[in-house]
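A.B. asks: this one's structure only:
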């Protein structure tokens, strides 16, 4: 029953994903992709659980390695997306000090 | 915290992901959207750390500190032109993390067959995402050739690998064991399959591959979610999976090709375009200045060549000069220009081009007949009229930006054999086309110099 319930969640979230993304303008495709990529780092939750569960030594090591990679994905993904989005400005906001040219 | 309470917090995190993605759809709210999504991630992580399942923190802290440092430094240092490589690497690290999560889930006791199957899937998809992303990174950063690598029996070999992968997977699911040789076989074969799947894809098709790998990294997280019975992984992973599929689809449509066609055939291997002959009309920066000075509407059409020449800043400067001169300036961007979806937009935004000047293909085409000058910078296929007219062209049917319908077209190109020679882009010989030869950055700087002098 558990599996069926999870499959139900899966089905609904896929449809939700389609609905959410299909309206994004082409201008923002790159930040959208890196932002979505950062979300896929959610696997860090799984990594934390397996690294911390105190199972066999090997499982802990695998989990710790997973935590490292997933953190790269999460931290890097959100920061780079934030950096990119900060560059999208309208005409009025320009010419401020600190704006690179 | 009890399991119920943790799950309530996971719902909050999922809601923040959904809101975050929704707000990413407009430049005005996108920054906040990204922050909301990051907040969701933070909640999910903190709540997990408080759960009773976690008993040992030492290695977690070390691992997280290492990962966070690498991620933060990479995100700060990366140049906007290198963004496709960066996203490929982040994708790859997400993929391999899911693989490892799946693997370590094998150490849980009492896994049902269904759970073992999902563990296997997370290893398989994670592995393909990882090695595929590494190859994509190699191609994008030109550590290896960015051309399509094809050989005769490729499809047969790939079919064989996939068959072996499925076979090993089935055997493993029937008799799961931590030391099972089939487990290692699945890991190895999925790495191999990822490499083989991305090798035959050429540089210009990279937007499709990056989108697809993005989708895979989500699906891998989703499979890992099934493997450890965790809702938030399934929700977030499938949101990303769906996002990647949508982008893949948009990219394929923008090239008028099916996904199967992109994945299984090296580009241009099938047809050769009719060579057209004619005479090009070269101009120098002074002529270009005189025409631009008189123009009342100018649109720039950038391609990957602009990124290679690092010309985005001078292009923006010329745009500003033209605007002060009274011209209406826009930047027309083809969906597959560059090496990842929306790549050109990011480069121009970095150069301080206002986002309301960035125009999509479908918006510029209906009014391109009224544009005085279209300036093509480092773009080729996306403005090639052969896509409309020449049925033998490998890109026939692909929607293009119809720059040849503008009153005048400038094509900035490094060089070209002079006089009559066969090329496959008839745009170069167009009645209203003027060729400005030389490095794109130097040419534009030259025109700016004329305006200033």
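C.D. replies: Looks like it came in fine. As the structure is a computational prediction, the values presented were derived from the model and not from experiment. Numbers count the residues shown, from 1 in each chain, chains lettered A, B, ... in the order given.

A.B. asks: residues near the residue of the stretch 51-200 of chain B found nearest chain A, how many?
C.D. replies: Closest residue of the stretch 51-200 of chain B to chain A, C-beta to the nearest C-beta: residue B:67 (2.7 Å). C-beta: built from backbone N, CA, C; applies to glycine. Neighbour count of residue B:67, defined by other C-beta atoms under 10 Å in any protein chain shown: 28.

A.B. asks: if I pick it, what's in contact with it?
C.D. replies: Contact partners of residue B:67, counting by C-beta atoms under 8 Å, 6 or more residues apart in numbering or on different chains, are A:67, A:68, A:69, A:70, A:71, A:72, A:74, A:75.

A.B. asks: Residue ranges in the chain under the pLDDT threshold?
C.D. replies: Reading this off chain A. Per-residue confidence for chain A (pLDDT under 70) gives these ranges: A:1, A:92-101.

A.B. asks: hm, I was asking about chain B
C.D. replies: B:52-53, B:55, B:265-274, B:416-423.

A.B. asks: Return the set of buried residues in the helix or strand harbouring residue B:156.
C.D. replies: Using DSSP states H and E, residue B:156 sits in helix B:154-174. Residues B:154, B:158, B:161, B:164, B:165, B:168, B:169, B:172, B:173 are the ones in helix B:154-174 that count as buried (16 or more other C-beta atoms under 10 Å in any protein chain shown).

A.B. asks: Not counting its neighbours along the chain, what's nearest the fourth one?
C.D. replies: In space, not counting the residues next to it along the chain, residue B:164 is nearest to residue B:189; the distance is 5.8 Å by C-beta to C-beta, 6 or more residues apart in numbering or on different chains.

A.B. asks: Looks to me like the one you found is in a helix.
C.D. replies: Yes: counting by DSSP: H, G, I helix; E, B strand; the rest coil, one finds residue B:189 located in a helix.

A.B. asks: how about the strands in the chain?
C.D. replies: In the absence of a named chain, this looks at chain A. Counting by DSSP state E, chain A forms no strands at all.

A.B. asks: Wait, chain B was what I had in mind.
C.D. replies: Remark: strands assigned in chain B by DSSP E are B:297-302, B:328-333, B:358-360, B:373-377, B:408-413, B:433-437.

A.B. asks: so which of those strands comes closest to residue B:28?
C.D. replies: strand B:358-360 (13.9 Å; C-beta to C-beta).

A.B. asks: Tell me which strands that closest one pairs with, and in which orientation.
C.D. replies: Looking at strand B:358-360 with DSSP bridges, its partner strands are strand B:328-333 (parallel).

A.B. asks: Give me the buried stretch members for the partner strand, please.
C.D. replies: Across strand B:328-333, burial judged by 16+ other C-beta under 10 Å covers B:329, B:330, B:331, B:332, B:333.

A.B. asks: What is the burial count for the closest residue in space to the residue of the stretch 51-200 of chain B closest to chain A that isn't next to it in sequence?
C.D. replies: Of all residues not flanking residue B:67 in the chain, residue A:71 sits nearest, at 2.7 Å (C-beta to C-beta, 6+ apart). By the criterion of other C-beta under 10 Å, residue A:71 has 28 neighbours.

A.B. asks: which residues touch residue A:71?
C.D. replies: Residue A:71 is in contact with A:41, A:44, B:63, B:64, B:66, B:67, B:68, B:71, counting by C-beta under 8 Å, 6+ apart.

A.B. asks: cool, residue B:216 as well?
C.D. replies: With contacts defined as C-beta under 8 Å, 6+ apart, residue B:216 is in contact with B:91, B:95, B:125, B:128, B:129, B:132, B:241, B:244.

A.B. asks: can you check residue B:308 too?
C.D. replies: B:81, B:378.

A.B. asks: surely residue B:121 meets residue B:221?
C.D. replies: No: counting by C-beta atoms under 8 Å, residue B:221 is not a contact partner of residue B:121; they are 11.3 Å apart.

A.B. asks: of the two, who's got more company?
C.D. replies: Taking neighbours as other C-beta under 10 Å, residue B:121 and residue B:221 compare with residue B:221 leading, 39 against 20.

A.B. asks: rewinding a little: tell me which of the strands of chain B is the most buried.
C.D. replies: Per-stretch averages of neighbours, counted by mean count of other C-beta atoms under 10 Å in any protein chain shown, single out strand B:373-377 among the strands of chain B, with a mean of 28.

A.B. asks: Tell me which other helices or strands that strand touches.
C.D. replies: Packing partners of strand B:373-377 (3 or more C-beta pairs under 8 Å, 6 or more residues apart in numbering or on different chains; DSSP states H and E): strand B:297-302, helix B:304-309, strand B:408-413.

A.B. asks: and of these, who's closest to residue B:141?
C.D. replies: The nearest among the helices and strands packed on strand B:373-377, by C-beta to C-beta, is helix B:304-309 at 12.6 Å.

A.B. asks: Tell me the buried residues in that closest one?
C.D. replies: Neighbour-count burial for helix B:304-309 flags B:304, B:305, B:306, B:307, B:309 (criterion: 16+ other C-beta under 10 Å).

A.B. asks: what residues does the stretch 351-453 of chain B put near chain A?
C.D. replies: Within reach of chain A by C-beta under 8 Å from any C-beta of the partner chain, the stretch 351-453 of chain B has these residues: B:351, B:352, B:354, B:355, B:356, B:358, B:360.

A.B. asks: Most neighbours among those residues, which one?
C.D. replies: Ranked by neighbours (other C-beta under 10 Å), these are led by residue B:358, which has 23 neighbours.

A.B. asks: What number of residues are in the vicinity of the closest residue to chain A within the stretch 101-250 of chain B?
C.D. replies: Evaluated by C-beta to the nearest C-beta, the stretch 101-250 of chain B has residue B:242 as its residue closest to chain A, separated by 2.7 Å. Neighbour count for residue B:242, taken as other C-beta under 10 Å: 25.

A.B. asks: ok now do it, which residues does it touch?
C.D. replies: Contact analysis of residue B:242 by C-beta under 8 Å, 6+ apart lists A:13, A:14, A:15, A:16, A:17, A:18, A:20, A:21, B:215, B:218.

A.B. asks: Would you confirm that the last one contacts residue B:234?
C.D. replies: So that's residue B:218. No: using C-beta under 8 Å, residue B:218 is not in contact with residue B:234, being 10.4 Å away.

A.B. asks: And those two? Which one has more around it.
C.D. replies: residue B:218 (34 against 24).

A.B. asks: Against residue B:86, how distant is that one?
C.D. replies: Applying C-beta to C-beta, to the nearest Å, the value for residue B:218 to residue B:86 is 18 Å.

A.B. asks: my read: residue B:425 touches residue B:379, true?
C.D. replies: No: the criterion here is C-beta under 8 Å, and residue B:425 misses it with residue B:379 at 10.3 Å.

A.B. asks: returning to what we had before: columns distance to chain A on top of the buried residues of helix B:304-309, output as a markdown table?
C.D. replies: Below are these laid out as a markdown table (distance: C-beta to the nearest C-beta, whole Å):
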| residue | distance to chain A |
| --- | --- |
| B:304 | 14 |
| B:305 | 18 |
| B:306 | 15 |
| B:307 | 12 |
| B:309 | 17 |
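
A.B. asks: Residue B:322: which of those is nearest?
C.D. replies: Taking C-beta to C-beta as the measure, residue B:322 sits nearest to residue B:306 out of the buried residues of helix B:304-309, at 16.7 Å.

A.B. asks: so that closest one sits right up against residue B:315, yeah?
C.D. replies: Yes: Residue B:306 sits in contact with residue B:315 when judged by C-beta under 8 Å, with a separation of 6.8 Å.

A.B. asks: Find the residues that touch each one of these two.
C.D. replies: With C-beta under 8 Å, 6+ apart as the test, residue B:306 and residue B:315 both reach residue B:377.
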